[in-house]
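Asks: When you get a sec, could you give me coordinates for this:
(chains A and B)
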Amino acid sequence: MSEKHSPLDQFTIHRIFEMKIGNIDVSLTNSSLMMIAVLVILNIFLIYSTKKKSVIPGRLQSLAEMSYEMIYNTTKDNLGKEGVRFFPLVYSLFMFILLCNMLGLIPYSFTVTSHIIVTFALAFGIFLLATVLGFILHGHKYLRLFLPKGVPIFLAPLLVPIEIVSYISRPISLAVRLAANMMAGHTMIKVFAGFVVALGIFGIAPFLFIVLLYILETLIAFLQAYVFAVLTCLYLSDSFHPEH
Amino acid sequence: MTKKKKVNDLNDSLNTLSKKIDSIKAEKISEDFNKTNKKVTGFAHAFKIVSELFANIIVGGSIGWSLDYFFNSKPLFLILFLIIGFISGIYTSYKSSKKFAKY
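Replies: Residues are numbered from 1 along each chain as shown, chains lettered A, B, ... in the order given. Next up is the predicted model:
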């Protein structure tokens, strides 16, 4: 009984439909169901909203256009003209994370991005892409990233480990930021929701607080998706210009 | 004839006025958008710095721990790389703040 009402109970993954390929467990869980739902909703939304293509956009169309333009501008500002070819990647990352965060706010749903392994998989993909892209574009000169020009050589033994640690920490900082923000917000809402029941008639105070918290969480859900997109651009821009 | 000309003039001046108003309106909208955009990037930047500080220390610690594991030299590398991770955390957030200050 008490376990059922734990604030962390909402993050447990359980199998909905059990499947196995050989010895590997590929069951459909609530997490993967949520991801499929996000993809389906995203596709329906984008296809439906851009079907009419009217000059004066309706509500849905302007929503789609606004998100497109925002991410397009961010990509162009950070990556320059040659980097715009990564716009589809950044846009799909942004929309996926945004919708995961937003759908997670609906009661009884599941927040995919609150699990660090999901966000880490996304972040590690970007990390690999940025590294491979850097080596393709610049060859061994990409290693200049770890020792910028104009730095005295006697500082190298100190600076190179620092830069390497800072480089490796990028995907971890990306993953931890998103997952921790999502998890902290949802846990806090659940804790205050517990107060509402426990306090009886005085529960109106934490109840009002939850309303405010939900507004904040909506902001954070949007913001974290945006931060993820911006930082993807920033890390990719390092592979274009490693000297900076 | 003169009356028609007068009406035309009036129309022209009205048109220029409405164009002026439109351009001012558009400027204001873009200004507002820039302001909110700046606010959002400020928020984003704050989140970035916090997680960078944290992640650098974690990475430094885990590199040190795994080096110790391979060379059997507990806790020499752990201490060394924790310090390096801490330095690099502050260094990275300093660098990204410098980049941010340019905006």
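
Asks: all contacts plus neighbour counts: C-alpha atoms, from now on.
Replies: OK.

Asks: so where's chain B shaky on pLDDT?
Replies: For chain B, the stretches with pLDDT under 70 are B:1-2, B:26, B:28-40, B:102-103.

Asks: go with 80
Replies: B:1-7, B:22-44, B:99-103 (pLDDT under 80).

Asks: How about the residues of it by chain A?
Replies: B:40, B:43-44, B:47-48, B:51-52, B:54-56, B:58-60, B:84-85, B:87-89, B:92 (CA under 8 Å from any CA of the partner chain).

Asks: which among these end up buried?
Replies: The neighbour count (16 or more other CA atoms under 10 Å in any protein chain shown) marks B:40, B:44, B:47-48, B:51-52, B:54-56, B:58-60, B:84-85, B:87-89, B:92 as buried among the residues of chain B next to chain A.

Asks: From residue A:207, how far out is the residue nearest to the spatial centre of chain B?
Replies: The centroid of chain B falls nearest to residue B:41 when counting by CA atoms, centre = their mean (3.8 Å). Shown here: residue B:41 relative to residue A:207, a distance of 31 Å by CA to CA, to the nearest Å.

Asks: cool, residue B:65 as well?
Replies: Taken as CA to CA, the span from residue B:65 to residue A:207 is 46 Å.

Asks: With neighbour numbers in mind, choose between those two.
Replies: Taking other CA atoms under 10 Å in any protein chain shown, residue B:65 and residue A:207 do not tie; residue B:65 has more neighbours (22 against 18).

Asks: tell me the contacts of the more buried one?
Replies: Taking CA atoms under 8 Å, 6 or more residues apart in numbering or on different chains, we find residue B:65 in contact with B:74, B:75, B:77, B:78.

Asks: In CSV: these, plus neighbour count, distance to residue A:237 and secondary structure.
Replies: Below are the contacts of residue B:65 laid out as CSV (neighbours: other CA atoms under 10 Å in any protein chain shown; distance: CA to CA, whole Å; DSSP: H, G, I helix; E, B strand; the rest coil):
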residue, neighbour count, distance to residue A:237, secondary structure
B:74, 15, 38, coil
B:75, 13, 37, coil
B:77, 22, 32, helix
B:78, 21, 32, helix
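
Asks: any idea which of those residues is closest to chain A?
Replies: residue B:77 (12.4 Å; CA to the nearest CA).

Asks: hey, where'd the helices end up in chain A?
Replies: A:30-49, A:59-79, A:87-104, A:116-138, A:156-198, A:204-240 (DSSP state H).

Asks: I'd like those laid out as a markdown table, including mean pLDDT and distance to residue A:22.
Replies: Compiled in a markdown table, the helices of chain A are given as follows (pLDDT from 0 to 100; distance: least, CA to CA, whole Å):
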| stretch | mean pLDDT | distance to residue A:22 |
| --- | --- | --- |
| helix A:30-49 | 92 | 20 |
| helix A:59-79 | 88 | 42 |
| helix A:87-104 | 94 | 30 |
| helix A:116-138 | 93 | 23 |
| helix A:156-198 | 90 | 31 |
| helix A:204-240 | 90 | 36 |
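
Asks: I'd like those helices written out as CSV, with distance to chain B added.
Replies: Shown next, in CSV, are the helices of chain A (distance: least, CA to the nearest CA, whole Å):
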stretch, distance to chain B
helix A:30-49, 23
helix A:59-79, 10
helix A:87-104, 14
helix A:116-138, 12
helix A:156-198, 5
helix A:204-240, 5
